[in-house]
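In: Make a model of this:
(one chain, ligands or ions: 1)
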Amino acid sequence: MENNQINNTELEGKVALVTGGTKGIGKAIADRLAQAGAKVIVTARNNPNEGNLKHAFVPADLSNAADVERAVKEINEKFGKVDILVNNAGGMTNPGGGHSALTDQNWEDTLQLNLLAAVRLDRALLPQMLEQQAGVIIHISSTSALFPVWESNMPYSAAKAALNSYSKSLAAEVAGKGVRVLTVSPGPVNTEGMQAFLQDLAKQYGTTTAGVIELMTARIGVTPMGRMAEPEEVADLVQFLVSPKAAYLTGANYIIDGGNLPVV
Ligand SMILES: NC(=O)c1ccc[n+]([C@@H]2O[C@H](COP(=O)([O-])OP(=O)(O)OC[C@H]3O[C@@H](n4cnc5c(N)ncnc54)[C@H](OP(=O)(O)O)[C@@H]3O)[C@@H](O)[C@H]2O)c1
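Out: Predicted coordinates:
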């Protein structure tokens, strides 16, 4: 989805790091922040395709502490600072089927990617933000944290709930020191990750992706908007949150789910 209305330069001079910035929501965020004038660095395990070459690329498996450390070193050496950190990399890598289908390794892998990668990157990049008394950290969570579905996402929703709590704590810790920390919680978004998740679950349950969507709808209800979000819609929210217009916003969790969550 192209957005020709974005032609401002409000992020000029800023360096933004977007994890998982080669696909889906992360790619849309990286593109938006670049459109707003930021120098954007993306990380992922695989080299981006041609469409992404406009951003700087630092390879890293963020599930691995040593790789996070190496990537931070490379980023500091090449770019000197990070003003905006978008912890977006994440996803559901575990099997569905509830508690008995899940091994320690499934739990460990999910927590590494969805919680500890952000904890480690924040810890590594915060000192310089605190020194310059400016910076914004975004944690991309999920409405699954608030509304888990045991058949499909037990470790993922638990990891994202932990991320929400951690994000709130960190925001309070650094609020008086010029750094803002925010959580963004999308409902279903039309990405490769979402399509892969639907296909995996369909295989496991011996059904189709339509069957999985039916199961999900029975659990979490109909989305009043009647569709998934597009990645660019999440990116628009993130662009606002990292901008100077959002200077008084910190510590909150912004839900973007087409009205799906049935709670106030
Ligand atoms: N799509 C949804 O419906 C939805 C809903 C709520 C929340 N979210 C959250 O939004 C974020 C992005 O989701 P998405 O659907 O856009 O994902 P996606 O399409 O699967 O893209 C994931 C990105 O993260 C990278 N990545 C995956 N594992 C990584 C690892 N171990 N180390 C480094 N990079 C890694 C991927 O590149 P490589 O594979 O090359 O590493 C890719 O760039 C995630 O945190 C997800 O939990 C998504």
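In: Quick check: the gap between the residue positioned nearest the centre of the chain and residue 238.
Out: Nearest to the geometric centre of the chain sits residue 88, at 2.4 Å (CA atoms, centre = their mean). Noted for residue 88: a distance of 9 Å to residue 238, by CB to CB, to the nearest Å. (Each C-beta comes from the backbone N, C-alpha and C, glycine too.)
In: what's the overlap in contacts for these two?
Out: Common contacts of residue 88 and residue 238 (CB atoms under 8 Å, 6 or more residues apart in numbering): 29, 138.
In: Quick check: closest non-adjacent residue to residue 241.
Out: Excluding the flanking residues, the one nearest residue 241 by CB to CB, 6 or more residues apart in numbering is residue 182, at 5.2 Å.
In: Which secondary structure state is assigned to the residue of the chain positioned farthest from its centre?
Out: Going by CA atoms, centre = their mean, the residue of the chain most distant from its centre is residue 206, 29.7 Å out. Secondary structure, DSSP: H, G, I helix; E, B strand; the rest coil: residue 206 is coil.
In: need the residues of the stretch 1-150 of the chain near the ligand, please.
Out: Contact residues (CB under 6 Å from any ligand atom) of the stretch 1-150 of the chain with the ligand: 20, 22-26, 43-46, 60-63, 88-91, 113, 140, 142.
In: Among the residues you listed, which ones are in strands?
Out: In strands, defined here by DSSP state E, the members of these are 43-44, 140.
In: Neighbour-wise, which one of those leads?
Out: Highest neighbour count within those: residue 43, with 28 neighbours (other CB atoms under 10 Å).
In: State the pLDDT value of that residue.
Out: We have a pLDDT of 96 for residue 43.
In: Please name the residues that touch it.
Out: With CB under 8 Å, 6+ apart, residue 43 has these contacts: 17-21, 57-60, 62, 71, 89.
In: Need the CA coordinates for stretch 223-242. PDB is fine.
Out: Output in PDB follows, covering the C-alpha atoms of stretch 223-242 (Å, rounded to 0.1, in the frame of the first residue of the first chain):
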ATOM      1  CA  THR A 223     -13.100  -8.300  13.800                       C
ATOM      2  CA  PRO A 224     -15.700  -5.500  13.400                       C
ATOM      3  CA  MET A 225     -13.600  -4.000  10.500                       C
ATOM      4  CA  GLY A 226     -14.100  -7.300   8.700                       C
ATOM      5  CA  ARG A 227     -10.500  -7.700   7.600                       C
ATOM      6  CA  MET A 228      -6.900  -8.000   8.800                       C
ATOM      7  CA  ALA A 229      -4.700  -4.900   9.000                       C
ATOM      8  CA  GLU A 230      -2.200  -4.200   6.300                       C
ATOM      9  CA  PRO A 231       1.400  -3.800   7.500                       C
ATOM     10  CA  GLU A 232       1.500  -0.200   6.400                       C
ATOM     11  CA  GLU A 233      -1.400   0.700   8.800                       C
ATOM     12  CA  VAL A 234       0.800  -0.500  11.700                       C
ATOM     13  CA  ALA A 235       3.700   1.400  10.300                       C
ATOM     14  CA  ASP A 236       1.700   4.600  10.200                       C
ATOM     15  CA  LEU A 237       1.000   4.300  13.900                       C
ATOM     16  CA  VAL A 238       4.700   3.600  14.700                       C
ATOM     17  CA  GLN A 239       5.700   6.600  12.600                       C
ATOM     18  CA  PHE A 240       3.500   8.800  14.700                       C
ATOM     19  CA  LEU A 241       4.700   7.300  18.000                       C
ATOM     20  CA  VAL A 242       8.300   7.900  17.200                       C
END
